[in-house]
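Undergrad: coordinates only, no sequence provided:
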């Protein structure tokens, strides 16, 4: 396999500024096919800004984003999603007053209804709880179920790369373990994953590689094992200070 | 009995027209985040366009109606770029000021330029005054029947799109969670334009019904209607589509009954007095605000 076949997402020298605030500075990052990549860092370090920037959302930026070799830097968001990148928003982003199956349908918006129906059956097979609750308003689901709905909705877009923004946020520990187990399964099924996460311990267990963000810059990167052993990471994100 | 029936028919007609307008208004509020005060002014402009086309074509009714509906759509879509940047920045109050500007400019143009500012009159043949059904003194004319049925069908069509189609669901998602709609890949710009188009169709259709109901139009009509649409929308709860329909019928009926049983010039005072009291008791409207 050549380099271009192996690399799924390539971010080159990306900077994002909100007025005088440098939200991201000269970010270089790659996601290879089949990898799970984790972005670590405190709140406001720029992880969400980066995920949004990949989708072409947010303030003007310098640098470029390539997906499967194609420059998607200035592409409209809906076309980027249609080309194979989905984002599971922070806080899950389900539509509370719509039914579970309607939420799923929206995930596959750019496909024909027949395709959507088939994909929804697949999602229901993977997550039977969603089938059970399909006629329920999404806002009535528990936090964990909402996260599963968000993942299911992401799958409806038939993504090659799934980006998850803080998937464990606000969930009970048992549910968090379940969510990371799902992420592992998705990766086994061939989905490449880019994950922003504050729960570094869990995230590094499923990740192949990681990048550590501080004030909009990448200060550290490497394999998950290396990062786990790194003293700085240990102190800042693995609770080494306790 | 016949008199009561006549009031009910009038109430349905007024209510139907208000329902069209408040649905269009709410659609723009929900999808574009825009407080489109000038929405009724645009439909008055459509009435004037229709009038001009009627004059030019020697009262060709088909072309007159077509001009009203088409100009409604064109005017609707044409206002989208004006509001786009405000809508993206969530500046609802600023959008109200811009809408107010559009409303004043349209009113001024109509009161000075077209027909030297004199009230325009539509041909009798457009009113469809031929009686369809007659109950003693109470008559339902063809035009009235068309207005009542047409309003139901048009509003029903919009609700079908919003609640039973994929595009409509995407539009509702955009209204409920605007940020998320974009993140999950819904084509929000296209959908925004689409909602302006739908509102434009509703405006165009209601301009036809107003032509039939009133038989005339003047430059001040936009302001009168805008106040009523605003009142109905706030009375129901801003952005509440279903509540808007019920409230439109309530206001239509109230106006019609006051006109029938009291002196007609009290219609607005009573209707707005009622709205005032409801809003004082329930500031978020009787059915509650949405989104």
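TA: Received the coordinates, thanks. Keep in mind the model is a prediction, meaning the values are calculated, not measured.

Undergrad: mind checking the SS state of the closest residue to chain B within chain A?
TA: Closest residue of chain A to chain B, CB to the nearest CB: residue A:81 (2.8 Å). Where you see a C-beta, it was placed from the backbone N, CA and C, and this is true even at glycine. Following DSSP: H, G, I helix; E, B strand; the rest coil, we place residue A:81 in the helix state.

Undergrad: show me the contacts for the closest residue to it other than its chain neighbours.
TA: Once flanking residues are discounted, residue A:81 sits nearest to residue B:185: 2.8 Å by CB to CB, 6 or more residues apart in numbering or on different chains. Applying CB atoms under 8 Å, 6 or more residues apart in numbering or on different chains to residue B:185 gives the contacts A:77, A:78, A:80, A:81, A:82, A:86, A:107, A:109, A:110, A:157.

Undergrad: what of residue B:109?
TA: By CB under 8 Å, 6+ apart, the contact list for residue B:109 is empty.

Undergrad: repeat that for 10 Å
TA: Residue B:109 is in contact with B:45, B:48, B:117, B:219, counting by CB atoms under 10 Å, 6 or more residues apart in numbering or on different chains.

Undergrad: cool, residue B:187 as well?
TA: Contacts of residue B:187 by CB under 10 Å, 6+ apart are A:76-79, A:81-82, A:109-110, B:167, B:170, B:174, B:181, B:193-194.

Undergrad: again with residue B:290
TA: Contacts of residue B:290 (CB under 10 Å, 6+ apart): A:97, B:26, B:29-30, B:172, B:175-176, B:236-244, B:284.

Undergrad: all strands for the chain, in order.
TA: Answering for chain A, as no chain was given. All strands of chain A, identified by DSSP state E, fall at A:7-18, A:21-32, A:36-41, A:61-67, A:70-71, A:85-88, A:161-165, A:192-196, A:209-214, A:217-223.

Undergrad: let me rephrase: I mean chain B.
TA: All strands of chain B, identified by DSSP E, fall at B:120-121, B:131-135, B:138-141, B:216-217.

Undergrad: need the pLDDT of residue B:267.
TA: If you check residue B:267, the pLDDT there is 79.

Undergrad: quick check, it in contact with residue B:253.
TA: No - judged on CB atoms under 10 Å, residue B:267 makes no contact with residue B:253 at a distance of 11.4 Å.

Undergrad: for these two, list the residues in contact with both.
TA: With CB under 10 Å, 6+ apart as the test, residue B:267 and residue B:253 both reach residue B:14.

Undergrad: and the helices in chain A?
TA: Under the criterion DSSP state H, helices of chain A are mapped to A:3-6, A:47-54, A:77-82, A:100-107, A:113-126, A:128-132, A:143-156, A:173-188, A:200-206, A:224-229, A:231-237.

Undergrad: mean pLDDT, distance to residue A:163 and mean neighbour count for these - can I get that in JSON lines?
TA: Putting the helices of chain A into JSON lines (pLDDT from 0 to 100; distance: least, CB to CB, whole Å; neighbours: other CB atoms under 10 Å in any protein chain shown) gives the following:
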{"stretch": "helix A:3-6", "mean pLDDT": "73", "distance to residue A:163": "19", "mean neighbour count": "11"}
{"stretch": "helix A:47-54", "mean pLDDT": "95", "distance to residue A:163": "5", "mean neighbour count": "24"}
{"stretch": "helix A:77-82", "mean pLDDT": "96", "distance to residue A:163": "10", "mean neighbour count": "21"}
{"stretch": "helix A:100-107", "mean pLDDT": "97", "distance to residue A:163": "14", "mean neighbour count": "25"}
{"stretch": "helix A:113-126", "mean pLDDT": "97", "distance to residue A:163": "18", "mean neighbour count": "15"}
{"stretch": "helix A:128-132", "mean pLDDT": "97", "distance to residue A:163": "21", "mean neighbour count": "16"}
{"stretch": "helix A:143-156", "mean pLDDT": "97", "distance to residue A:163": "9", "mean neighbour count": "24"}
{"stretch": "helix A:173-188", "mean pLDDT": "96", "distance to residue A:163": "12", "mean neighbour count": "16"}
{"stretch": "helix A:200-206", "mean pLDDT": "92", "distance to residue A:163": "13", "mean neighbour count": "19"}
{"stretch": "helix A:224-229", "mean pLDDT": "91", "distance to residue A:163": "18", "mean neighbour count": "17"}
{"stretch": "helix A:231-237", "mean pLDDT": "76", "distance to residue A:163": "20", "mean neighbour count": "16"}
